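# I'll drop the sequence and a predicted model, then ask my questions.
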Amino acid sequence: MSVNLKLQLRVSNVPDEATEPVLDAVKAVLVERQIANDVVLTARTGEVHGVTPYPMIISRSYLWCPEVEADLTAAVAAVAPAAKCEITWDSPDEP
């Protein structure tokens, strides 16, 4: 079964020198998961944000979402161990 989901990603506590590496690591995961064109990324001092401006149709989200979360968290930790990765999924179909 497929569901409509919106992704919100916040990476905080990013050292200034790690902003670009974190951004690149997040982009790499998004490309690998084939959602790079669906997520708008922004970076500012100490933080990287990502959001889907519209819902994505995801099949088997109960498996896929935790895998994406693990991939993003691991990729961020590899380049900025002190950074904190927060990921939320919202379904516009649920009341």
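Yep, that arrived.
# list the contacts for residue 19?
43, 45, 46, 48 (Cβ atoms under 8 Å, 6 or more residues apart in numbering). (Each C-beta comes from the backbone N, C-alpha and C, glycine too.)
# try residue 33
Applying Cβ under 8 Å, 6+ apart, the residues near residue 33 are 68, 71.
# Apply 6 Å and report the result again.
Residues near residue 33 by Cβ atoms under 6 Å, 6 or more residues apart in numbering: residue 68.
# returning to that earlier point: columns secondary structure and distance to residue 5 on top of the contacts of residue 19, output as TSV?
Formatted as TSV, the contacts of residue 19 follow (DSSP: H, G, I helix; E, B strand; the rest coil; distance: Cβ to Cβ, whole Å):
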residue	secondary structure	distance to residue 5
43	strand	23
45	coil	29
46	coil	27
48	strand	20
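# For PyMOL, write a command that selects the buried ones of those residues.
In PyMOL syntax, the buried subset of the contacts of residue 19 is picked out as below (16 or more other Cβ atoms under 10 Å):
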select buried, resi 43+48
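# Looking at the contacts of residue 19, which two lie furthest apart in space?
45 and 48 (10.5 Å; Cβ to Cβ).
# still on that earlier bit, can you tell me which one of the contacts of residue 19 sits lowest on pLDDT?
Of all the contacts of residue 19, residue 45 has the smallest pLDDT value, namely 88.
# What score does residue 49 have for pLDDT?
Looking at residue 49, the pLDDT reads 97.
# what's across from it in the sheet?
Assessed by DSSP bridges, residue 49 has beta-bridge partners residue 10, residue 42.
# wait, doesn't it sit right on residue 40?
No: between residue 49 and residue 40 there is no contact under Cβ atoms under 6 Å: 8.5 Å.
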